[in-house]
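Asker: Test case, fold it:
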Amino acid sequence: MAEHLTKDAFLSKVFNYETNKDWKFEGDVPCVIDFYADWCAPCKMIAPIIEELSKEYEGKVNFYKINTEQEQELAAAFGIRSIPSLLFCPKEGKPKMAMGALPKEQLKNIVDDELLSVS
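Answerer: Predicted coordinates for the structure are as follows:
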């Protein structure tokens, strides 16, 4: 199951932007963050895919959800202007953002290529 993050949980599990200027990932395994809103139709389309992927990659990649209506500060911190927006956070290196309701295969390719293929 994808875990819903509050600001406090985000600061401890992903990135503490209050103490770090430069990106420093706080997690033990890479993660994917789904920025969404309850009223967003494309967000509703991608939600079951995020849940499926969270089961398929359990223990290898964490999947988180951030409600942009409830966590406006987090949405603003990442400049979220369209939803769904997905943030892919590797253990090392900078995160990458993807916008829109991507198909499952494309999401799997991004997870495999950006988060799990460590060189």
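Asker: in the chain, which helix has the most residues?
Answerer: In the chain, with assignment by DSSP state H, the single longest helix is helix 41-56.
Asker: I would like the residues contacting that one, please.
Answerer: 1-2, 32, 34, 36-37, 61-63, 65, 83-84, 100-104, 107-108, 111 (Cβ atoms under 8 Å, 6 or more residues apart in numbering). From N, CA and C alone the C-beta is placed, and that goes for glycine too.
Asker: in it, what's buried?
Answerer: Buried residues in helix 41-56, counting neighbours by 16 or more other Cβ atoms under 10 Å, are found at 43, 46-47, 49-50, 53-54.
Asker: Restrict the next helix or strand after it to CA atoms and write it as CSV.
Answerer: Downstream of helix 41-56, the first helix or strand assigned by DSSP states H and E is strand 62-67. Extracted in CSV, the C-alpha atoms of strand 62-67 (Å, rounded to 0.1, in the frame of the first residue of the first chain):
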residue,chain,number,x,y,z
ASN,A,62,8.6,2.9,-1.4
PHE,A,63,5.5,4.5,-2.8
TYR,A,64,4.1,7.6,-1.2
LYS,A,65,1.1,9.8,-1.9
ILE,A,66,0.8,13.5,-1.1
ASN,A,67,-2.6,15.2,-1.2
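Asker: Going by neighbour count, list what's buried in the helix or strand following strand 62-67.
Answerer: Helices and strands here follow DSSP H and E; after strand 62-67, the next one along the chain is helix 72-77. By 16+ other Cβ under 10 Å, the buried positions in helix 72-77 come out as 74-75.
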